[in-house]
Every structure is written in C-alpha cells, then in structure tokens.
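Enquirer: Fold the stuff below for me.
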Amino acid sequence: MVKYRPDDPSIPHIFTVQGHPEFVPGLVGRMIDIRDEQGIFDTEVAAEARRRAGGKDGSGGEGLGRVGWAIWNIILA
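Expert: Okay, the predicted model is just below:
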C-alpha cells in the first residue's frame with residue numbers, strides 16, 4: 001500500500017504485510033499444544049496463547065482486528 005503525502009508527494013508512505021493464511025485456528029492450537037508439552041511455554045503463557053488464538057468468537061486470533069484497524073489508521077492518517 002502506498003500513500004503519498006499531501007504536502008510532499010515525492011515522499012510516499014509504504015506499508016506492507018505478509019499474511020500467513022496457512023495459520024488456521026486448528027494449526028495454531030496444535031503449535032501451542034506442542035510448545036506447552038515440550039516446556040517451551042509455561043502454563044500461564046500456554047493458557048494466554050490459547051485464549052488469544054481463538055479470537056472473540058473462536059474463528060481466529062485477536063490479531064485479525066488489530067491488523068485491520070492498523071491499516072485503517074494508516075489510510076486515514
């Protein structure tokens with residue numbers, strides 16, 4: 001995404017995102033489980049990761065809304 005500055009169009013603001021559509025909720029949940037089983041995550045971190053991975057309605061992580069709003073803030077700024 002490129003947004004040109006109104007005061008100086010020769011200086012663009014450039015925003016890029018690399019999405020990972022392969023990280024569906026089931027896969028992310030399994031990754032959390034493995035890290036929990038291996039001791040990479042302690043109990044509290046694993047519980048928080050599971051909470052955040054499901055999102056508000058269980059269809060995806062809470063980052064979905066955050067990324068969307070961050071993009072809108074760039075567009076509208």
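Enquirer: ok but residue 53 is inside a strand, no?
Expert: No: judged by DSSP: H, G, I helix; E, B strand; the rest coil, residue 53 forms no part of a strand; its state is helix.
Enquirer: now it: how far from residue 16?
Expert: With the distance defined as CB to CB, to the nearest Å, residue 53 ends up 24 Å from residue 16. (C-beta placed from N, C-alpha, C; glycine too.)
Enquirer: Give me the more crowded residue out of those two.
Expert: Set side by side, residue 53 and residue 16 show unequal neighbour counts under other CB atoms under 10 Å, the larger going to residue 53 at 20 against 6.
Enquirer: That one touches residue 32, doesn't it?
Expert: Yes: look at residue 53 against residue 32 with CB atoms under 8 Å: they come within range, at 6.3 Å.
Enquirer: Would you state the helices of the protein in chain order?
Expert: Ranges of helices within the chain are 25-37, 43-54, 63-76, based on DSSP state H.
Enquirer: what about residue 17, how many neighbours?
Expert: Around residue 17 sit 8 other residues, with neighbours defined as other CB under 10 Å.
Enquirer: Also residue 35?
Expert: Each residue near residue 35 was counted by other CB under 10 Å, and the total is 15.
Enquirer: which non-adjacent residue is nearest it?
Expert: Closest residue in space to residue 35, ignoring its immediate chain neighbours: residue 41 at 4.5 Å, by CB to CB, 6 or more residues apart in numbering.
Enquirer: before we move on, what about residue 46?
Expert: Of all residues beyond its chain neighbours, the one nearest residue 46 is residue 36 (3.9 Å), with distances taken as CB to CB, 6+ apart.
Enquirer: Now that we're looking at the one you found, what pLDDT does it have?
Expert: pLDDT, the model's per-residue confidence, is 97 for residue 36.
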